[in-house]
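K.L.:
would you be able to build a 3D model of this:
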Amino acid sequence: MTDTKQPPATENRWWDYVEDLCAANGINTAQFVRSVGVTGGAATAWKNRGGAATPQVARKVAYEYQRPVLEVFVNAGLLSWDDLTSKESIANSSPDQLSDAELIRELQKRLSAYAAENEELHAKVDPAAEPEDKPSGRRRSSRVSTVMRRPDTRD
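P.N.:
Next comes the predicted model:
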């Protein structure tokens, strides 16, 4: 008789966190996916392949469900608790003291944050939408043209 042990279950911290958020908010995962603006394929990857959210999605989850950003980032695997308690800070280091890899990571982090902020600003302005104060197709008459002329009294 052969021993048929199941392989150890892989930890899927992000998907577990998503399911916990859904349960706490009384929604299903389809509603969750729509609320944070990701595709069903992304959710499938989270569930079946242990994928995790991007920093932009994790940030949106934090704001949408009023959770601490750091909590969401840790559960998404973007940060560890050790990262949060580390006394070393790259942000306070001189660029000359950083290795090339550290400098590139810091630049990527900052550029991602910058892009996310600007993406939100651009999303608020819909170029296809007409401005509210746009004049209608009818032209307003100028003040000069509304002055009535006196009738010609000459005979």
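K.L.:
thought V72 was touching K60?
P.N.:
No. Between V72 and K60 there is no contact under CB atoms under 8 Å: 9.2 Å. Where C-beta positions appear, they are placed from N, C-alpha and C, glycine not excepted.
K.L.:
between those two, which one's more packed in?
P.N.:
V72 (25 against 19; other CB atoms under 10 Å).
K.L.:
who's in contact with the more buried one?
P.N.:
17, 53, 58-59, 61-62 (CB atoms under 8 Å, 6 or more residues apart in numbering).
K.L.:
tabulate the residues you listed (CSV), appending secondary structure and pLDDT.
P.N.:
Output for the contacts of V72, formatted as CSV (DSSP: H, G, I helix; E, B strand; the rest coil; pLDDT from 0 to 100):
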residue, secondary structure, pLDDT
Y17, helix, 93
A53, coil, 87
A58, helix, 93
R59, helix, 93
V61, helix, 93
A62, helix, 93
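K.L.:
what is the nearest of the residues you listed to W81?
P.N.:
Nearest to W81 among those: Y17, at 14.2 Å, using CB to CB.
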